[in-house]
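S.K.: with the input below, show me the fold.
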Amino acid sequence: MSRSRIVARTLAGLSVAALALAACGSGGGGESSGGGETLQAIAGTNVDFISLVPIAAWKILEEEEGIKVEQRFVEDGATAIQGMQQGAAVIGTNIGVNTGVPAVDNGATIVDVVGTQRPTWALAVAPDINNFSDLEGKRIAVHGETSFTRAVAQYYAKEEGFTYEELIIPGSDVRAEALAKGQIDASVIDLPDVVQLSKEYPGSFKVLSTFGEQFPDLIEQDLWLSKQWATDNPELATKVVKAIVQANRKLTEDPAWGLEIAKESLPDMDPGVLEDLVNEYSERQIWSTDGGITPDKAQTTLQFFQDVGEINIGAADANAVEKYFDFSYLDSALAELDGNGSK
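M.R.: Numbers count the residues shown, from 1 in each chain. I've put the predicted structure just below:
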(Lines give C-alpha, C1' and ligand atoms only; values in the text may rest on other atoms or scores of the structure.)
Protein backbone atom coordinates (compact mmCIF):
# COMPACT_ATOMS: atom_id res chain seq x y z
CA MET A 1 0.00 0.00 0.00
CA SER A 2 1.38 3.40 -0.97
CA ARG A 3 2.15 6.01 1.66
CA SER A 4 -0.26 8.48 0.06
CA ARG A 5 -3.08 5.98 0.48
CA ILE A 6 -2.21 5.31 4.13
CA VAL A 7 -2.10 9.02 4.92
CA ALA A 8 -5.42 9.64 3.19
CA ARG A 9 -7.19 6.94 5.15
CA THR A 10 -5.71 7.58 8.59
CA LEU A 11 -5.49 11.36 8.71
CA ALA A 12 -8.51 12.64 6.80
CA GLY A 13 -10.65 12.73 9.92
CA LEU A 14 -8.08 14.15 12.33
CA SER A 15 -8.37 17.61 13.79
CA VAL A 16 -6.23 20.47 12.55
CA ALA A 17 -4.51 20.52 15.94
CA ALA A 18 -3.46 16.90 15.49
CA LEU A 19 -2.16 17.66 12.02
CA ALA A 20 -0.12 20.51 13.41
CA LEU A 21 1.43 18.17 15.97
CA ALA A 22 2.30 15.79 13.13
CA ALA A 23 4.50 18.49 11.65
CA CYS A 24 6.81 17.89 14.66
CA GLY A 25 7.55 21.54 15.19
CA SER A 26 9.07 21.97 11.74
CA GLY A 27 6.38 24.36 10.59
CA GLY A 28 5.54 21.91 7.83
CA GLY A 29 8.70 22.97 6.07
CA GLY A 30 10.25 19.57 6.31
CA GLU A 31 13.32 17.91 7.65
CA SER A 32 16.41 16.54 6.00
CA SER A 33 15.84 12.87 5.12
CA GLY A 34 18.78 10.98 3.78
CA GLY A 35 20.05 13.68 1.34
CA GLY A 36 16.69 15.26 0.63
CA GLU A 37 13.92 17.33 2.14
CA THR A 38 10.60 16.08 3.50
CA LEU A 39 7.77 18.57 3.06
CA GLN A 40 4.22 18.56 4.39
CA ALA A 41 1.22 19.18 2.12
CA ILE A 42 -2.45 19.35 3.00
CA ALA A 43 -5.33 19.06 0.53
CA GLY A 44 -8.60 20.94 0.70
CA THR A 45 -10.54 17.79 -0.23
CA ASN A 46 -10.81 14.19 0.79
CA VAL A 47 -8.74 11.98 -1.46
CA ASP A 48 -10.45 11.93 -4.85
CA PHE A 49 -9.70 12.18 -8.55
CA ILE A 50 -8.60 15.82 -8.46
CA SER A 51 -5.90 14.76 -5.99
CA LEU A 52 -4.19 12.92 -8.85
CA VAL A 53 -2.11 15.96 -9.88
CA PRO A 54 -0.31 16.57 -6.55
CA ILE A 55 0.11 12.82 -5.99
CA ALA A 56 1.74 12.51 -9.42
CA ALA A 57 3.81 15.65 -8.81
CA TRP A 58 5.19 14.36 -5.53
CA LYS A 59 6.20 11.14 -7.28
CA ILE A 60 8.15 13.16 -9.86
CA LEU A 61 9.64 15.43 -7.19
CA GLU A 62 11.01 12.49 -5.23
CA GLU A 63 12.33 10.70 -8.32
CA GLU A 64 14.05 13.75 -9.81
CA GLU A 65 15.02 15.84 -6.79
CA GLY A 66 15.00 13.43 -3.84
CA ILE A 67 12.37 15.59 -2.14
CA LYS A 68 9.58 13.75 -0.35
CA VAL A 69 6.15 15.25 0.23
CA GLU A 70 3.80 13.81 2.81
CA GLN A 71 0.29 14.54 1.55
CA ARG A 72 -2.60 14.80 3.98
CA PHE A 73 -6.28 15.24 3.16
CA VAL A 74 -9.02 17.10 5.03
CA GLU A 75 -12.64 17.74 4.19
CA ASP A 76 -12.46 21.28 2.76
CA GLY A 77 -10.19 24.13 1.75
CA ALA A 78 -10.89 26.23 4.81
CA THR A 79 -9.72 23.41 7.09
CA ALA A 80 -6.60 22.91 4.96
CA ILE A 81 -5.74 26.60 5.20
CA GLN A 82 -6.27 26.53 8.96
CA GLY A 83 -3.85 23.63 9.10
CA MET A 84 -1.26 25.62 7.14
CA GLN A 85 -1.67 28.55 9.51
CA GLN A 86 -1.10 26.25 12.49
CA GLY A 87 2.08 24.81 11.02
CA ALA A 88 0.82 21.46 9.74
CA ALA A 89 2.02 22.11 6.17
CA VAL A 90 3.69 24.61 3.89
CA ILE A 91 1.85 23.39 0.77
CA GLY A 92 -1.91 23.57 0.28
CA THR A 93 -3.34 21.56 -2.61
CA ASN A 94 -6.78 21.54 -4.24
CA ILE A 95 -7.72 24.94 -2.84
CA GLY A 96 -9.87 27.18 -5.04
CA VAL A 97 -9.45 30.91 -5.51
CA ASN A 98 -12.87 31.52 -3.97
CA THR A 99 -11.63 29.79 -0.80
CA GLY A 100 -8.07 31.10 -0.64
CA VAL A 101 -8.91 34.75 -1.25
CA PRO A 102 -11.30 35.18 1.72
CA ALA A 103 -8.78 33.36 3.90
CA VAL A 104 -6.05 35.85 2.96
CA ASP A 105 -8.45 38.69 3.69
CA ASN A 106 -8.97 37.16 7.13
CA GLY A 107 -5.25 37.05 7.84
CA ALA A 108 -3.98 33.79 6.32
CA THR A 109 -0.37 34.15 5.15
CA ILE A 110 -0.65 32.02 2.02
CA VAL A 111 -0.20 32.75 -1.67
CA ASP A 112 -1.50 31.18 -4.90
CA VAL A 113 1.45 30.00 -7.02
CA VAL A 114 0.26 27.49 -9.66
CA GLY A 115 -2.93 26.03 -11.10
CA THR A 116 -3.59 22.31 -11.39
CA GLN A 117 -6.62 22.14 -13.66
CA ARG A 118 -9.26 24.09 -15.50
CA PRO A 119 -12.76 24.11 -14.00
CA THR A 120 -14.38 20.67 -14.28
CA TRP A 121 -17.99 21.67 -13.80
CA ALA A 122 -19.82 20.29 -16.81
CA LEU A 123 -23.18 21.18 -18.30
CA ALA A 124 -24.65 17.70 -18.64
CA VAL A 125 -27.80 17.30 -20.70
CA ALA A 126 -30.36 14.71 -21.77
CA PRO A 127 -29.49 12.73 -24.92
CA ASP A 128 -31.92 14.67 -27.13
CA ILE A 129 -30.30 18.05 -26.38
CA ASN A 130 -27.62 18.81 -28.96
CA ASN A 131 -26.93 22.53 -28.58
CA PHE A 132 -27.63 25.47 -26.28
CA SER A 133 -30.76 26.51 -28.16
CA ASP A 134 -32.32 23.14 -27.28
CA LEU A 135 -32.18 24.20 -23.61
CA GLU A 136 -34.82 26.90 -24.08
CA GLY A 137 -37.49 26.39 -21.42
CA LYS A 138 -35.91 23.20 -20.08
CA ARG A 139 -35.45 22.12 -16.44
CA ILE A 140 -31.90 22.81 -15.21
CA ALA A 141 -30.89 21.80 -11.70
CA VAL A 142 -28.29 23.59 -9.55
CA HIS A 143 -26.97 23.05 -6.02
CA GLY A 144 -28.55 26.09 -4.36
CA GLU A 145 -29.65 29.69 -4.75
CA THR A 146 -26.24 31.10 -3.79
CA SER A 147 -24.09 28.29 -5.21
CA PHE A 148 -21.30 28.41 -7.77
CA THR A 149 -23.26 25.92 -9.89
CA ARG A 150 -26.10 28.44 -10.15
CA ALA A 151 -23.63 31.10 -11.25
CA VAL A 152 -22.38 28.72 -13.94
CA ALA A 153 -25.91 27.98 -15.16
CA GLN A 154 -26.73 31.69 -15.27
CA TYR A 155 -23.51 32.37 -17.14
CA TYR A 156 -24.38 29.81 -19.82
CA ALA A 157 -27.92 31.18 -20.18
CA LYS A 158 -26.69 34.76 -20.51
CA GLU A 159 -23.88 33.98 -22.93
CA GLU A 160 -25.85 31.55 -25.11
CA GLY A 161 -29.20 33.36 -25.02
CA PHE A 162 -31.68 30.88 -23.56
CA THR A 163 -34.07 30.85 -20.59
CA TYR A 164 -34.78 27.87 -18.35
CA GLU A 165 -36.74 26.56 -15.39
CA GLU A 166 -34.49 26.32 -12.34
CA LEU A 167 -34.65 23.44 -9.87
CA ILE A 168 -32.65 23.30 -6.62
CA ILE A 169 -31.09 19.87 -6.02
CA PRO A 170 -28.10 19.83 -3.62
CA GLY A 171 -25.28 17.42 -4.43
CA SER A 172 -23.51 16.92 -7.76
CA ASP A 173 -23.99 13.14 -7.62
CA VAL A 174 -27.68 13.55 -6.76
CA ARG A 175 -28.22 15.87 -9.73
CA ALA A 176 -26.36 13.45 -11.99
CA GLU A 177 -28.66 10.62 -10.92
CA ALA A 178 -31.75 12.81 -11.40
CA LEU A 179 -30.57 13.61 -14.92
CA ALA A 180 -29.84 9.96 -15.66
CA LYS A 181 -33.38 9.04 -14.57
CA GLY A 182 -34.97 11.76 -16.72
CA GLN A 183 -36.22 13.84 -13.79
CA ILE A 184 -34.47 16.96 -15.14
CA ASP A 185 -33.22 18.03 -18.58
CA ALA A 186 -29.80 19.38 -17.65
CA SER A 187 -27.58 20.23 -14.71
CA VAL A 188 -24.23 21.64 -13.72
CA ILE A 189 -22.35 18.54 -12.52
CA ASP A 190 -18.73 17.88 -11.64
CA LEU A 191 -17.10 15.98 -14.51
CA PRO A 192 -15.95 12.99 -12.40
CA ASP A 193 -19.59 12.46 -11.33
CA VAL A 194 -20.66 12.65 -14.98
CA VAL A 195 -18.19 9.96 -15.96
CA GLN A 196 -19.01 7.69 -13.02
CA LEU A 197 -22.79 7.97 -13.49
CA SER A 198 -22.40 7.38 -17.21
CA LYS A 199 -21.09 3.93 -16.30
CA GLU A 200 -24.13 3.23 -14.14
CA TYR A 201 -26.64 4.76 -16.58
CA PRO A 202 -25.06 4.41 -20.03
CA GLY A 203 -26.52 6.61 -22.76
CA SER A 204 -28.82 8.47 -20.36
CA PHE A 205 -27.06 11.86 -20.65
CA LYS A 206 -24.05 13.56 -22.20
CA VAL A 207 -21.78 16.57 -21.68
CA LEU A 208 -22.69 19.60 -23.76
CA SER A 209 -19.80 21.72 -22.48
CA THR A 210 -17.35 21.93 -19.61
CA PHE A 211 -17.10 25.30 -17.92
CA GLY A 212 -13.35 25.34 -18.45
CA GLU A 213 -13.92 25.17 -22.21
CA GLN A 214 -16.55 27.90 -22.04
CA PHE A 215 -14.47 30.08 -19.70
CA PRO A 216 -10.83 29.05 -20.29
CA ASP A 217 -9.34 31.97 -18.36
CA LEU A 218 -10.99 31.05 -15.06
CA ILE A 219 -8.61 29.69 -12.42
CA GLU A 220 -10.15 27.03 -10.17
CA GLN A 221 -8.06 24.35 -8.41
CA ASP A 222 -4.73 25.74 -7.28
CA LEU A 223 -1.69 25.10 -5.15
CA TRP A 224 -1.03 27.63 -2.37
CA LEU A 225 2.18 27.98 -0.39
CA SER A 226 2.96 29.39 3.01
CA LYS A 227 4.06 32.86 2.01
CA GLN A 228 6.89 33.10 4.53
CA TRP A 229 8.19 29.62 3.78
CA ALA A 230 8.24 30.31 0.04
CA THR A 231 10.02 33.64 0.59
CA ASP A 232 12.63 31.91 2.74
CA ASN A 233 13.00 28.93 0.37
CA PRO A 234 12.53 30.22 -3.20
CA GLU A 235 14.51 27.43 -4.89
CA LEU A 236 12.59 24.73 -3.06
CA ALA A 237 9.28 26.47 -3.76
CA THR A 238 10.19 26.61 -7.45
CA LYS A 239 10.91 22.87 -7.47
CA VAL A 240 7.48 22.20 -5.97
CA VAL A 241 5.78 24.32 -8.63
CA LYS A 242 7.89 22.78 -11.40
CA ALA A 243 6.81 19.29 -10.31
CA ILE A 244 3.14 20.31 -10.57
CA VAL A 245 3.65 21.52 -14.15
CA GLN A 246 5.59 18.37 -15.03
CA ALA A 247 2.84 16.18 -13.57
CA ASN A 248 0.14 18.01 -15.52
CA ARG A 249 2.10 17.57 -18.73
CA LYS A 250 2.84 13.89 -18.22
CA LEU A 251 -0.76 13.13 -17.21
CA THR A 252 -1.94 14.84 -20.39
CA GLU A 253 0.63 13.28 -22.70
CA ASP A 254 0.73 9.79 -21.16
CA PRO A 255 -2.72 8.72 -19.89
CA ALA A 256 -1.47 5.17 -19.27
CA TRP A 257 1.01 6.53 -16.71
CA GLY A 258 -1.76 8.58 -15.11
CA LEU A 259 -4.04 5.57 -14.96
CA GLU A 260 -1.47 3.53 -13.05
CA ILE A 261 -1.08 6.28 -10.46
CA ALA A 262 -4.87 6.68 -10.26
CA LYS A 263 -5.39 2.96 -9.63
CA GLU A 264 -2.76 2.95 -6.90
CA SER A 265 -4.04 6.11 -5.21
CA LEU A 266 -7.79 5.49 -5.59
CA PRO A 267 -8.21 1.73 -5.12
CA ASP A 268 -11.90 2.01 -4.23
CA MET A 269 -12.87 3.55 -7.58
CA ASP A 270 -13.87 1.37 -10.52
CA PRO A 271 -10.81 0.95 -12.79
CA GLY A 272 -12.99 1.50 -15.84
CA VAL A 273 -14.24 4.80 -14.44
CA LEU A 274 -10.67 5.86 -13.67
CA GLU A 275 -9.59 5.04 -17.21
CA ASP A 276 -12.46 7.06 -18.65
CA LEU A 277 -11.66 10.00 -16.36
CA VAL A 278 -7.95 10.02 -17.20
CA ASN A 279 -8.73 9.89 -20.92
CA GLU A 280 -11.45 12.55 -20.60
CA TYR A 281 -9.13 14.94 -18.74
CA SER A 282 -6.33 14.29 -21.22
CA GLU A 283 -8.46 14.75 -24.33
CA ARG A 284 -10.14 17.90 -23.00
CA GLN A 285 -6.76 19.23 -21.79
CA ILE A 286 -8.17 19.95 -18.34
CA TRP A 287 -4.81 19.60 -16.60
CA SER A 288 -2.92 22.92 -16.71
CA THR A 289 0.20 22.16 -18.74
CA ASP A 290 1.34 25.81 -18.60
CA GLY A 291 0.84 26.27 -14.86
CA GLY A 292 -2.65 27.64 -15.23
CA ILE A 293 -2.14 31.13 -13.78
CA THR A 294 -1.12 34.44 -15.33
CA PRO A 295 -1.73 38.02 -14.16
CA ASP A 296 -4.52 38.41 -16.73
CA LYS A 297 -6.19 35.14 -15.76
CA ALA A 298 -5.88 36.03 -12.09
CA GLN A 299 -7.59 39.37 -12.63
CA THR A 300 -10.33 37.74 -14.74
CA THR A 301 -10.89 35.11 -12.05
CA LEU A 302 -11.06 37.63 -9.23
CA GLN A 303 -13.57 39.69 -11.20
CA PHE A 304 -15.68 36.61 -11.95
CA PHE A 305 -15.90 35.51 -8.32
CA GLN A 306 -16.53 39.10 -7.28
CA ASP A 307 -19.40 39.36 -9.79
CA VAL A 308 -21.07 36.13 -8.63
CA GLY A 309 -20.70 37.03 -4.95
CA GLU A 310 -18.16 34.37 -3.97
CA ILE A 311 -15.60 36.95 -2.78
CA ASN A 312 -15.71 40.58 -1.72
CA ILE A 313 -12.45 42.35 -2.52
CA GLY A 314 -13.51 45.69 -3.93
CA ALA A 315 -11.64 46.37 -7.15
CA ALA A 316 -10.27 43.30 -8.96
CA ASP A 317 -7.24 45.22 -10.15
CA ALA A 318 -3.47 44.70 -10.31
CA ASN A 319 -3.11 45.46 -6.61
CA ALA A 320 -5.60 42.71 -5.78
CA VAL A 321 -3.75 40.25 -8.02
CA GLU A 322 -0.47 41.04 -6.24
CA LYS A 323 -2.13 40.47 -2.87
CA TYR A 324 -3.26 36.92 -3.60
CA PHE A 325 -0.86 35.60 -6.27
CA ASP A 326 2.90 35.24 -6.72
CA PHE A 327 3.98 34.28 -10.25
CA SER A 328 7.71 34.30 -9.60
CA TYR A 329 7.96 30.59 -8.77
CA LEU A 330 6.00 29.57 -11.87
CA ASP A 331 8.08 31.95 -14.00
CA SER A 332 11.24 30.30 -12.73
CA ALA A 333 9.83 26.80 -13.25
CA LEU A 334 8.72 27.55 -16.81
CA ALA A 335 12.07 29.14 -17.55
CA GLU A 336 13.77 25.91 -16.49
CA LEU A 337 11.37 23.78 -18.51
CA ASP A 338 10.77 25.90 -21.60
CA GLY A 339 12.82 29.07 -21.40
CA ASN A 340 9.76 31.30 -20.79
CA GLY A 341 7.54 32.49 -17.92
CA SER A 342 3.87 33.04 -17.10
CA LYS A 343 3.60 36.64 -18.24
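S.K.: how many neighbours does Gln303 have?
M.R.: 16 (other C-beta atoms under 10 Å). The way it works is simple: take the backbone N, C-alpha and C, and place the C-beta from them, glycine included.
S.K.: counting by contacts, list what the strand or helix carrying it packs against.
M.R.: Per DSSP states H and E, Gln303 falls inside helix 295-307. Contact here means 3 or more C-beta pairs under 8 Å, 6 or more residues apart in numbering; DSSP states H and E; on that basis helix 295-307 packs against helix 97-105, helix 318-324.
S.K.: in TSV: those helices, plus mean neighbour count, mean pLDDT and distance to Pro216.
M.R.: Output for these, formatted as TSV (neighbours: other C-beta atoms under 10 Å; pLDDT from 0 to 100; distance: least, C-beta to C-beta, whole Å):
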stretch	mean neighbour count	mean pLDDT	distance to Pro216
helix 97-105	21	93	15
helix 318-324	16	97	18
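S.K.: so which of the ones you listed is nearest Phe211?
M.R.: The minimum distance between Phe211 and the helices and strands packed on helix 295-307 falls on helix 97-105, with 13.5 Å, by C-beta to C-beta.
S.K.: neighbouring contacts of that closest one?
M.R.: With C-beta atoms under 8 Å, 6 or more residues apart in numbering as the test, helix 97-105 has contacts from 44, 76-78, 81, 92, 108, 110-112, 148, 219-220, 222, 224, 301-302, 305, 310-313, 323-324.
S.K.: from those residues, list the buried ones, please.
M.R.: 44, 77-78, 81, 92, 108, 110-112, 148, 219-220, 222, 224, 301-302, 305, 310-311, 313, 324 (16 or more other C-beta atoms under 10 Å).
S.K.: and the top helix by length along the chain, average pLDDT?
M.R.: Taking DSSP state H as the criterion, the chain has its longest helix at helix 234-253. Mean pLDDT, computed over helix 234-253, is 98.
S.K.: buried stuff in that helix?
M.R.: 236-252.
S.K.: need the per-residue pLDDT for Ser147.
M.R.: 69.
S.K.: same question, Ser226
M.R.: For Ser226, pLDDT reads 98.
S.K.: who are the contact partners of the residue at minimal distance from the centre of the chain?
M.R.: A centroid search over the chain (C-alpha atoms, centre = their mean) returns Gln221, at 2.6 Å, as the residue closest to the centre. By C-beta under 8 Å, 6+ apart, the residues touching Gln221 are 50, 53, 94-96, 115-117.
S.K.: and the furthest pair within the residues you listed?
M.R.: Maximum distance among the contacts of Gln221 (C-beta to C-beta): 13.9 Å, for Val53 and Gly96.
S.K.: who has more neighbours, the two?
M.R.: Neighbours were counted for Val53 and for Gly96 using other C-beta under 10 Å; Val53 has more, 28 against 21.
S.K.: out of the buried ones among the contacts of helix 97-105, which are inside helices?
M.R.: 77-78, 81, 148, 301-302, 305, 324.
S.K.: Glu136: which of those residues is nearest?
M.R.: Once C-beta to C-beta is applied, the member of these that ends up nearest Glu136 is Phe148, at 23.6 Å.
S.K.: was I right to think that closest one contacts Asp307?
M.R.: No. Contact criterion C-beta atoms under 8 Å: Phe148 and Asp307 do not qualify, at 12.0 Å.
S.K.: what about Glu165, neighbour count?
M.R.: Neighbours of Glu165 using other C-beta under 10 Å come to 11.
S.K.: not counting sequence-adjacent ones, nearest residue to it?
M.R.: Closest residue in space to Glu165, ignoring its immediate chain neighbours: Arg139 at 4.9 Å, by C-beta to C-beta, 6 or more residues apart in numbering.
S.K.: show me where the stretch 1-150 of the chain has helices.
M.R.: 3-11, 16-22, 52-65, 77-85, 97-105, 148-160 (DSSP state H, counting those that start in this stretch).
S.K.: can you list contacts of the fourth one?
M.R.: Counting by C-beta under 8 Å, 6+ apart, helix 77-85 makes contact with 16, 19-20, 28, 42-45, 72, 74, 89-90, 92-96, 99-100, 103, 108-110, 224, 226, all of which sit outside it.
S.K.: taking those residues one by one, which sit in strands?
M.R.: 42-43, 72, 92-96, 110, 224, 226 (DSSP state E).
S.K.: buried set for the strand or helix carrying Pro192?
M.R.: Per DSSP H and E, Pro192 falls inside helix 191-200. For helix 191-200, burial by neighbour count (16+ other C-beta under 10 Å) applies to 191-198.
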